[in-house]
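Visitor: need a 3D model of the sequence below.
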Amino acid sequence: MTDKKLYGTVLIKADLILEYLYEASGPQSLAAIAENTELTKSTTLKILDTLEHIGYVVKNKQTRTYSIGFKLIKYSSKEMQQLDLEAHVYDQLEALHERFDETVHLGVYQNNHIVTVNKFQSSRPVVCISSAVGETKDLYSSGMGKAVLAELDDKKLLNYINNHDFIAKTDKTIAGTQLLLTELEEIRKHGFSIDNEENEEGVYCIGAAITNRTLSGQKMILGAFSISIPIFRATDEVVKELASAVLETKEKLNASFK
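Guide: Residues are numbered from 1 along each chain as shown. Model (predicted):
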């Protein structure tokens with residue numbers, strides 16, 4: 001009995017690459033992928049470009065590394081921590097930053113906090129000096145955090161409220177449960193959150209959550225992003241324009257995971 005002749009050896013090579021990325025402990029370089037799949041660099045690059053185009057692979061433009069793409073979430077039980085959110089949303093957040101030359105943050109939702117994983121710094125003289133990559137923020141007081149809280153189901157939200165002390169960071173921090181719940185309803189209604197000097201004096205932020213759904217319809221909170229400006233620039237006209245841009249970016253990001 002002869003072996004069955006398979007059609008499309010490129011698919012087999014693509015499968016080798018996806019299997020390698022799936023098993024890898026983190027994002028991988030072109031050289032590492034080619035070496036470990038025993039493919040030439042040129043062939044590997046062509047296949048990676050195609051996989052990136054259809055969303056099965058995501059490329060981090062800063063580190064020039066590749067990882068499993070978010071489109072495969074629907075077909076995989078891979079833990080979210082191993083997927084490169086930063087690379088997937090980089091272009092959209094960079095565009096938001098460049099449009100206004102204001103500081104844009106990206107955060108991931110971990111252990112009931114927001115951890116900043118990327119920051120696009122404004123070139124203007126007055127910027128959000130205290131924020132930094134790796135910084136952990138509380139959900140109840142930050143723009144990204146409140147955007148995430150608004151996405152939690154009632155059970156998870158109640159658990160968060162019952163197990164956290166709301167400590168005022170400034171005189172504008174919403175430190176009361178009922179006031180917070182009222183604001184979360186507003187966030188759900190409008191699609192974005194506001195941090196009006198609640199986490200840091202002199203800083204105004206507009207944030208939004210980044211979400212996706214599994215095939216069964218279960219919501220997954222991937223992270224959040226925000227745009228921050230000095231309070232003196234937060235006029236009604238500017239806030240309205242920024243909020244519209246944040247909503248537009250949010251829609252593009254969430255649509256990109258489908």
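
Visitor: now do the most centrally placed residue in the chain against residue 173, distance only.
Guide: In the chain, the centroid-proximal residue (CA atoms, centre = their mean) is residue 223; its distance is 4.2 Å. Distance from residue 223 to residue 173, counting by CB to CB, to the nearest Å: 22 Å. C-beta coordinates here come from the backbone N, C-alpha and C atoms, glycine included.

Visitor: just checking, what packs against the helix or strand in which the residue nearest to the centre of the chain is found?
Guide: Element membership for residue 223, per DSSP states H and E: strand 219-230. Contacting strand 219-230 under the criterion 3 or more CB pairs under 8 Å, 6 or more residues apart in numbering; DSSP states H and E are the following elements: helix 85-100, strand 103-110, strand 113-120, helix 143-149, strand 203-213, helix 236-256.

Visitor: hey, which of these is tucked in deepest?
Guide: Comparing these by mean neighbour count (mean count of other CB atoms under 10 Å), helix 143-149 ranks first with a mean of 30.

Visitor: residues in contact with that helix?
Guide: 105, 107, 109, 113-114, 137-140, 157, 160, 180, 183-184, 187, 192-195, 199, 205-209, 221, 223-226, 228 (CB atoms under 8 Å, 6 or more residues apart in numbering).

Visitor: hmm, back to that, just checking: what are the partner strands of the strand holding residue 223?
Guide: Strands that pair with strand 219-230, judged by DSSP bridges, come out as strand 103-110 (antiparallel), strand 203-213 (antiparallel).

Visitor: in a markdown table: these, plus distance to residue 28 and mean pLDDT.
Guide: Compiled in a markdown table, those are given as follows (distance: least, CB to CB, whole Å; pLDDT from 0 to 100):
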| stretch | distance to residue 28 | mean pLDDT |
| --- | --- | --- |
| strand 103-110 | 20 | 91 |
| strand 203-213 | 23 | 92 |
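
Visitor: how about those strands in CSV, adding distance to residue 91?
Guide: Shown next, in CSV, are the strands paired with strand 219-230 (distance: least, CB to CB, whole Å):
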stretch, distance to residue 91
strand 103-110, 12
strand 203-213, 14
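
Visitor: any low-confidence regions in the stretch 101-250 of the chain?
Guide: Low-confidence segments of the stretch 101-250 of the chain (pLDDT under 70): 125-130, 214-217.

Visitor: one step back: leaving aside the residues next to it on the chain, what's closest to the residue nearest to the centre of the chain?
Guide: residue 108 (4.4 Å; CB to CB, 6 or more residues apart in numbering).

Visitor: contacts only, for residue 253.
Guide: Counted by CB under 8 Å, 6+ apart, residue 253 has contacts 89, 92, 210, 225.

Visitor: tell me the pLDDT of the second one.
Guide: Reading off the confidence values, residue 92 has pLDDT 93.

Visitor: measure it to residue 225 for me?
Guide: When residue 92 is compared with residue 225 (using CB to CB), they lie 9 Å apart.

Visitor: state the next helix or strand along the chain beyond the stretch of helix or strand residue 50 belongs to.
Guide: Taking DSSP H and E as the criterion, residue 50 maps to helix 41-53. Using DSSP H and E, the helix or strand that follows helix 41-53 in sequence is strand 57-60.
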